[in-house]
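In: After the sequence you'll find the predicted model.
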Number of protein chains: 4
Amino acid sequence: MILILTPNIQEESPEYQLLIRYLDSLKDIEYRIHHVQGSVQRLTEVYLIGNTAALSRDFMKSLPCVERALRVQEAYRILGRHGDDDLPFDFEYNGVAFSQDCLHLFAGLCAVDTPEHVERMMEALRDNGQSCTRMGAYKPRTNPYSFQGHGKQCLPYVFELAGKYDIKIIAMEITHEAHIDEIHEALEQTGNPTGVMLQIGTRNTQNFELLKSVGRQQTYPVLLKRGFGITLNESLNAAEYLASEGNRHVIFALRGMKTNLGDPHRNLVDFAHVPVLKRLTRMPVCIDPSHSVGGRHRSPDGLLDVMHATAQGIIAGANMILVDFHPAPSKALVDGPQALRLDELPLFLEDMQIAREAYLKRVALVKRYQPALLNRA
Amino acid sequence: MILILTPNIQEESPEYQLLIRYLDSLKDIEYRIHHVQGSVQRLTEVYLIGNTAALSRDFMKSLPCVERALRVQEAYRILGRHGDDDLPFDFEYNGVAFSQDCLHLFAGLCAVDTPEHVERMMEALRDNGQSCTRMGAYKPRTNPYSFQGHGKQCLPYVFELAGKYDIKIIAMEITHEAHIDEIHEALEQTGNPTGVMLQIGTRNTQNFELLKSVGRQQTYPVLLKRGFGITLNESLNAAEYLASEGNRHVIFALRGMKTNLGDPHRNLVDFAHVPVLKRLTRMPVCIDPSHSVGGRHRSPDGLLDVMHATAQGIIAGANMILVDFHPAPSKALVDGPQALRLDELPLFLEDMQIAREAYLKRVALVKRYQPALLNRA
Amino acid sequence: MILILTPNIQEESPEYQLLIRYLDSLKDIEYRIHHVQGSVQRLTEVYLIGNTAALSRDFMKSLPCVERALRVQEAYRILGRHGDDDLPFDFEYNGVAFSQDCLHLFAGLCAVDTPEHVERMMEALRDNGQSCTRMGAYKPRTNPYSFQGHGKQCLPYVFELAGKYDIKIIAMEITHEAHIDEIHEALEQTGNPTGVMLQIGTRNTQNFELLKSVGRQQTYPVLLKRGFGITLNESLNAAEYLASEGNRHVIFALRGMKTNLGDPHRNLVDFAHVPVLKRLTRMPVCIDPSHSVGGRHRSPDGLLDVMHATAQGIIAGANMILVDFHPAPSKALVDGPQALRLDELPLFLEDMQIAREAYLKRVALVKRYQPALLNRA
Amino acid sequence: MILILTPNIQEESPEYQLLIRYLDSLKDIEYRIHHVQGSVQRLTEVYLIGNTAALSRDFMKSLPCVERALRVQEAYRILGRHGDDDLPFDFEYNGVAFSQDCLHLFAGLCAVDTPEHVERMMEALRDNGQSCTRMGAYKPRTNPYSFQGHGKQCLPYVFELAGKYDIKIIAMEITHEAHIDEIHEALEQTGNPTGVMLQIGTRNTQNFELLKSVGRQQTYPVLLKRGFGITLNESLNAAEYLASEGNRHVIFALRGMKTNLGDPHRNLVDFAHVPVLKRLTRMPVCIDPSHSVGGRHRSPDGLLDVMHATAQGIIAGANMILVDFHPAPSKALVDGPQALRLDELPLFLEDMQIAREAYLKRVALVKRYQPALLNRA
């Protein structure tokens, strides 16, 4: 069993002393204390080892300065759902609120190429009432001889343009811990005109050292993409690395599984896992239809596959959409063929709205039915 | 290039003679004539071999008694879409119409167990305005020592009860060609109180001999499930076996891909392929959320994963839903844990309706936007 | 618990009567008797249900006419290994002995095309001391418009040529139960000049109706290929279908798993499962390097990948090699690019011999070490 | 087309000047010069863009200071094989020679736990004539709460014990660039008693930033493990990252592919790719049977599956074996169940020897046959 104590609890405090005295009195139970020092708070966990089956979890929770009591077989200790757990998990960053109930669009450039394209993208977002975007400066590429992104050189103009068009958050992939500092410096240097959500890509889902570095800072929220060749459980354990280092502002992104069973799509779209993630964890769930589908194929009903995948994610409760747009897809340096055009943004937004309304109606519907079903069950 | 001639064309007819004379005149082109005799019509195809690149497809289509002209690299010769192709593909069976625009629910028992359960199921369907169902009599099981279904013994009472409750079509899996006759005889014997859609399961998707047998009859439409370890292209070629033997009344069912990347679901739900199927072929598209998801897990929003998967299929345009219900899931002999209860049927139907309305709105939306987008493109 | 009785036991026999009286006397245990009638023997199994944990398996085995006593959790009831089980499983067919200790080469044509090619192939085999081959008459093809094999038309000359060149067994894929009769008739008609091993291909591994038909006859041994998109456990359950119907002369073939992780090979070669199969079951293990590797790529050391895969299978104990050869690969109608040439046969045989000798040395080595290791363990 | 120039070529040299004048004279061809500065040499590459199809590769190779001329479609520019390419690729490190012809065993501890275990392991290696080992100090673990290795604390005693028992090279996984310095410092501090091969694990195969850091140093050779959910092509591109940064002393390790098709093994053993790697690249090829197989299952012939997999790799030409041993597997902190015991080392070595001799015989055999086969082909 693990006891998670009130954050920043002092070892000299009477409550803490009382707790320790109680633990010392337990027979057949040893305990070990573990501190996690984040930048803003210190987390204290107490591991109980031995005959813990005999302990009542409810009683342990009622002890002084104990915030939560978890049985160790419970996976995803911090990010997971644990039965009666009702600790709040929502967070706000730069004026934008995130939770398992929200819906935000992060449309933008897969890779920053020119200031003109960045500006046209941000202007279109502002004109369509959007305040978040995606912008890739650091691009991990399969082939070492491919374009690897403009890196820190492009950050100042990207951030300034974001400020100019009132963009509040930019989701930006990083591939090295040094990029956190580079982003931080560029934001400082440009007067913090916008915010950044640090994105970990699918090739780095199990790059545990990078996860630890990102988890140790609490300035920026983190968007973690699911690893494309590992199980969902392994990806969720990777997310837990972030939390175990102190950063709980984590959003988990589905982006398709790498298997030729997904052909002719680039990946096998995995958005049926949206409700699974909301059941297993408390993280907001993002979907990336662009990298899942990987093309601009259009169904005979006139809708692009990317739009169908987006609607599928939203009608099952997705909280964030990460999607590639480009002012001139044919000139994009990375993944141009899958990008949507700026003139498709209003259609995309209206389409999202239809799916979102359907989701909300479905939730209201089941709320209406549930009492009767529970009575009969 | 292949020329598909007007059905039932007579070789003595002047149009046919004219066509042959023209083909004889072509230099560097040989031809071979192939007849497909179905129970209601004879299909004639002419294969042109040699320097066909020089031929204009438009011109060939304009020749007498030529209905379609296809270049051989075009896959899924009969079931596929081939550019400007606008031949009708809709069909009606026992008063129920099928096309890429319809939506039908086939809720029912994965495996028939007792007459009482069959009756309660059908009564619930009738009471909820449904006229289709699924009923499994022949069950392919991984383990030879597991229950293999009641087989032909149960057919008479299943069909009679269907008639009693005004069920028009029963989707029923068969695993051997002899089952077609058994079904036929039981229908005759009970006075044809209902209709049957022959279902080919995922383990038999590439059982080409069974496909040929089913394809050679045209009495019953066919529901072909996608093979769970093969590519989409291979499964579509399997569907083409049915059509090449003469039966074009084929519905294609997605049922999830077998890979542990889908955990904790039983399979990795593949409903993002709904629009892909409608683009590549002219078949109506079915989804099977029960076997894809394989459980009764519920998201914190109160909706079952099975319902989320269903909504995802419908909002992308699915035409048929195959789903397991059972009056007493704990007593089901096969796949009880994934079955919905009868008292959940009204909720399920209302939930489907919300997703369907969203789909129709989305199609209307894109129709409204398309002229403007095309002008700018 | 299941009791497997002496084959062909008569219900009137005193031993049987004694057994039944004993079973009737057991408290809290019910039993159900199940007969499996094969063409040459009748198998009787007694299922004990209830509190069987209290029964001693050794005692139950000592009862009259009880051949084996198995606890139900034991998978692969007939083909599997069950601890102390030492029933013989070897068999001989047409003068060729099969077991988990043998090694036989079945080189031949993937698909029969012309009598000349069949004759040249068989002559080469005879000249190199071989008495087994593979010959494909019925070819399951992904695309319905591809060549599907010459079928029963080619059987007479294939069998006659086999007799002429003293070939004892032809491994031949069948895709429909009617093919058993066609093969039987063609053998009768040509005076039984050779024997046939019925092969079930990877697309039909879970075609349970075909398995049952093949399992119900005991004239021909069966070669079952592993299903390419299912788990090993599922494929072994499929093999058990054959045995449960009465035919225990089953050889299990590895042929590579279908996944693009195997690129640039056609499939991901799975021959590390050779020892797994010998541990889990008592079946002889075949490998098919041609369909696993699917090409004639050559390593810088001069050896073809197909030869490397073959050596890998043999050094781990494979008992049978199924490999495509062709007198003129460029003219082959199916899978020509992966076929070896006749002039490569002597090299292939010598290469096999080196790997086989290494395997035998390894087994002798471990026998020498085992007593010392066991003492220390 | 890319021209790779003689290493360390000076731009003022007459040969370089001559080359540039020639390139300037080419019509419709632009060029761009790229320098790769490693710690010991500077590599200069010239990219030719435009109508390069018209250029003769042989002629371009004959130009002054041009070492190689490659067409850009050629993958794995530095590590790959490119037709007539005969540049030497062998290397020696700390007295041990590596090439596609060698065979070395790296047996050792998956994770360092105690000095006693390290010493017992190294003593056993020395006593059995071995001079290489594996020792894990930095362990990437799926779960953040699992033991993560003793890290730099254990390095001094590991290195000193290596020196004591005359171990020349330790393969050691690193997960962060800082570990290179930590290893370097510990080696310096202990007087460089041994050498280290830096190992990149399967979770970091596409951690391009780590690859770049490791590739930028040339002190230590690198062992790159194949990524477990990506294609072979993608993993080879990852290896190319190392080379493109200047370090060509790269060994590529197969370690099994993550898919439940490999059950009951931990992964699907992929050693049929040994010859593929030797054909596509010039890297020595390592196999890791312990992580591929993941257990101590034993076949009825008495040989462990791990030994069968090892023999399969060696008989196809593997150059290095990475395998887990442990003096007390039940006390191992990581992957104990798959470790071999020290008393199994002599058996393991003799078994390897049998497989190696078989491989060498096979190569000699094909050399003997090849002239005849080529004449007839």
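Out: Perfect, I can see it now.
In: Ramachandran angles for the residue lying closest to A:A309 once chain neighbours are set aside?
Out: Distance criterion C-beta to C-beta, 6 or more residues apart in numbering or on different chains; nearest residue to A:A309, sequence neighbours excluded, is A:P289 at 4.0 Å. Bear in mind the C-beta positions are built from the backbone N, C-alpha and C, glycine included. Reported as degrees, to the nearest 10, the phi and psi values for A:P289 are phi -70, psi -30.
In: Just give me the neighbour total for the residue in the stretch 1-150 of chain A that chain C sits nearest to.
Out: With C-beta to the nearest C-beta, the shortest gap between the stretch 1-150 of chain A and chain C falls at A:T142, namely 14.3 Å. Close neighbours of A:T142, defined as other C-beta atoms under 10 Å in any protein chain shown, add up to 18.
In: now swap in A:N143 and tell me
Out: Neighbours around A:N143, by other C-beta under 10 Å: 17.
In: just checking, it is part of a strand?
Out: No - read with DSSP: H, G, I helix; E, B strand; the rest coil, A:N143 is coil and lies in no strand.
In: Chain C contacts on chain A?
Out: Counting by C-beta under 8 Å from any C-beta of the partner chain, chain A comes close to chain C at A:259-260.
In: Apply 10 Å and report the result again.
Out: Residues of chain A lying close to chain C by C-beta under 10 Å from any C-beta of the partner chain are A:229, A:258-261, A:263.
In: Test my guess that A:L103 contacts A:N319.
Out: Yes - the criterion here is C-beta atoms under 10 Å, and A:L103 meets it with A:N319 at 5.9 Å.
In: When the two are compared, which one has more neighbours?
Out: Remark: of A:L103 and A:N319, A:N319 carries more neighbours, 23 against 18, as counted by other C-beta under 10 Å.
In: Spatially nearest residue to that one, not counting backbone neighbours?
Out: Of all residues not flanking A:N319 in the chain, A:P284 sits nearest, at 4.0 Å (C-beta to C-beta, 6+ apart).
In: May I have the residues that are in contact with that neighbour?
Out: By C-beta atoms under 10 Å, 6 or more residues apart in numbering or on different chains, the contact set of A:P284 is A:89-91, A:97-104, A:221, A:223, A:249-253, A:277-278, A:318-320.
In: List the ones among those residues that fall in strands.
Out: A:91, A:97-98, A:104, A:223, A:250-253, A:320 (DSSP state E).
In: ok, back up a step: return the distance of the residue nearest to A:N319 relative to C:E123.
Out: Between A:P284 and C:E123 the computed distance is 71 Å (C-beta to C-beta, to the nearest Å).
In: before we move on, the earlier item: ok, the residue nearest to A:N319 to chain D distance?
Out: As judged by C-beta to the nearest C-beta, to the nearest Å, A:P284 and chain D stand 20 Å apart.
In: Helix, strand, or coil at A:V46?
Out: Under three-state DSSP, A:V46 comes out as strand.
In: these two touch, right, it and A:T6?
Out: No - with contact defined as C-beta under 10 Å, A:V46 does not reach A:T6; the gap is 12.0 Å.
In: which of these two has more neighbours?
Out: A:V46 (21 against 17).
In: What distance do you get for the closest residue to chain D within the stretch 1-150 of chain A to D:T231?
Out: Taking C-beta to the nearest C-beta, chain D has its nearest neighbour within the stretch 1-150 of chain A at A:P144, 4.3 Å off. Using C-beta to C-beta, A:P144 is found at 16 Å from D:T231.
In: In a strand, A:E182, correct?
Out: No - applying three-state DSSP, one finds A:E182 to be helix, outside a strand.
In: what about it, distance to A:G149?
Out: Counting by C-beta to C-beta, the gap from A:E182 to A:G149 is 12 Å.
In: and for these two, which residues touch both?
Out: A:137-138.
In: So between these two, which is more surrounded?
Out: Using other C-beta under 10 Å as the criterion, A:E182 and A:G149 rank with A:G149 on top: 22 against 17.
In: Report the contact partners of that one.
Out: Neighbours of A:G149 in contact, by C-beta under 10 Å, 6+ apart: A:110-113, A:136-141, A:173, A:175, A:333-334.
In: And the furthest pair within those residues?
Out: Greatest spatial distance among those (C-beta to C-beta): A:D113 and A:T175, at 18.0 Å.
In: what about A:P371, helix or strand, and which?
Out: Using DSSP states H and E, A:P371 falls within helix A:345-376.
In: Which elements pack onto that helix?
Out: In terms of contacts (3 or more C-beta pairs under 10 Å, 6 or more residues apart in numbering or on different chains; DSSP states H and E), helix A:345-376 is packed against strand A:104-109, helix A:115-127, helix A:305-315, strand A:320-326, strand A:340-341, helix B:305-315, helix B:345-376.
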